[in-house]
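*Asks:* what's the 3D shape of this:
(one chain, ligands or ions: 1)
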Amino acid sequence: MQPKLIIHGGAGSSLQGKGGLVEVRQSLHAIAKEVYDLLLNGKSAKDAVISGCRLLENEPRFNAGTGSVLQSDGQVRMSASLMDGTRQSFSGAINVSRLKNPIELAEFLQTQSDRVLSDYGAAELLRELQIPPYNPLTDLRLKEWMEERKDNFQKKMAGVLAESEEAGRGTIGVVVLDRDGKLAAGTSTGGKGFERIGRVSDSAMPAGNYATIKAGVSCTGIGEDIIDECLAARIVVRVTDGLSLAEAMAKSIAECQENKRDLGAIALDATGAIAWGKTCDILVAAYHNGKEIGDTLEWGVKETVGSEA
Ligand code: ASP
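*Replies:* Reported below is the predicted structural model:
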């Protein structure tokens with residue numbers, strides 16, 4: 001089967017500045033190519049998702065791993081999840097600090113009997129696994145937090161795409177169909193930024209990241225909106241019940257618009273169809289359709305859904 005791949009670096013309100021656009025495109029396309037090459041070499045969907053998430057977490061311009069935003073108390077707490085569609089098995093870590101790649105905790109938890117761990121338990125697991133401590137804080141995020149503190153956190157959330165203060169959220173996600181026709185999805189985030197301690201992101205819930213043998217979805221945007229729509233699971237269930245992926249995306253995004261949600265989603269199904277959707281102004285996503293890499297970076301503000309067979 002022809003492998004397929006779609007990745008995202010978040011959703012938001014604008015992507016200003018040509019320098020910004022060019023750089024974001026370059027980094028997304030390079031990661032899409034690297035992960036696609038792994039798929040061509042026979043890597044499984046699950047392993048390719050982990051590799052893709054790791055690469056995106058290591059890219060400081062995105063709000064996941066290195067470059068994660070700070071919460072209201074000035075600390076980084078990251079969340080990540082992995083869903084192996086073949087086993088229909090979800091695993092994740094919530095509000096974990098001091099590690100480089102939160103997706104690796106989700107990877108370890110895939111085969112455990114306790115598969116979603118939060119802050120204290122996740123920190124204990126890091127020690128148990130002897131994962132070396134790592135500080136994901138970048139100067140930009142610290143500056144952003146210091147600025148916001150002056151105003152006593154008037155903004156609802158951080159502006160998290162390094163190229164533009166206006167650019168919005170930068171959570172990352174990867175959805176893959178491998179050459180055996182297997183699907184997997186992964187999502188990783190530093191959260192909304194400036195949030196209350198203990199707030200739980202959608203990124204480590206089936207609302208934000210979900211996959212079965214039929215389809216896989218990763219979401220980005222305001223976590224509370226994604227949770228209220230249970231968006232990732234909802235799109236997958238619609239495909240399971242007979243809608244095409246493009247129809248499932250369009251119907252779900254139309255409902256999100258009606259409910260005035262602020263979010264985006266990327267998706268793949270077992271036939272190789274690719275789809276993406278948003279209610280926000282921009283979705284930072286790129287895909288490999290088997291022939292070439294495309295992206296949504298210059299997609300119009302009014303456009304809401306797109307797909308490729
Ligand atoms: N969904 C993430 C959260 O609310 C944020 C994002 O996608 O940028 O934690």
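*Asks:* my guess is Tyr36 contacts Gln2, does it?
*Replies:* No: when contacts are counted by CB atoms under 8 Å, Tyr36 is not listed as touching Gln2 (10.7 Å). (Each C-beta comes from the backbone N, C-alpha and C, glycine too.)
*Asks:* what about those two, which has more around it?
*Replies:* Tyr36 (23 against 13; other CB atoms under 10 Å).
*Asks:* now that one: phi and psi?
*Replies:* Here is the backbone geometry of Tyr36 (degrees, to the nearest 10): phi -60, psi -40.
*Asks:* likewise for Glu124?
*Replies:* Per degrees, to the nearest 10, the backbone of Glu124 is at phi -60, psi -40.
*Asks:* quickly note the distance from it to Val76.
*Replies:* 18 Å (CB to CB, to the nearest Å).
*Asks:* helices and strands around the lowest-mean-pLDDT helix or strand in the chain, which ones?
*Replies:* The helix or strand of the chain with the poorest confidence is helix 139-150; it has a mean of 84 (mean pLDDT, DSSP states H and E). On a contact count with 3 or more CB pairs under 8 Å, 6 or more residues apart in numbering; DSSP states H and E, helix 139-150 meets no helix or strand.
*Asks:* what comes up buried for that helix?
*Replies:* For helix 139-150, the neighbour count (16 or more other CB atoms under 10 Å) marks 141, 144-145, 148 as buried.
*Asks:* that helix: how far from the chain's middle?
*Replies:* Centre-to-centre, helix 139-150 and its host chain are 23 Å apart (CA atoms, centre = their mean, to the nearest Å).
*Asks:* stretch 260-270 too?
*Replies:* On CA atoms, centre = their mean, the centre of stretch 260-270 falls 10 Å from that of its chain.
*Asks:* likewise stretch 138-145?
*Replies:* With CA atoms, centre = their mean, you get 21 Å for stretch 138-145.
*Asks:* how far away is the closest residue in space to Pro3 that isn't next to it in sequence from the ligand?
*Replies:* What sits nearest to Pro3 in space, not counting adjacent residues and going by CB to CB, 6 or more residues apart in numbering, is Leu39, at 3.8 Å. Separation of Leu39 from the ligand (CB to the nearest ligand atom, to the nearest Å) stands at 25 Å.
*Asks:* do the same with Gly294
*Replies:* Following CB to the nearest ligand atom, the distance that separates Gly294 from the ligand is 21 Å.
*Asks:* distance of the residue of the stretch 201-309 of the chain found nearest the ligand from Asn63?
*Replies:* Among the residues of the stretch 201-309 of the chain, Gly223 lies closest to the ligand, at 2.5 Å counting by CB to the nearest ligand atom. Distance of Gly223 to Asn63, computed by CB to CB: 12 Å.
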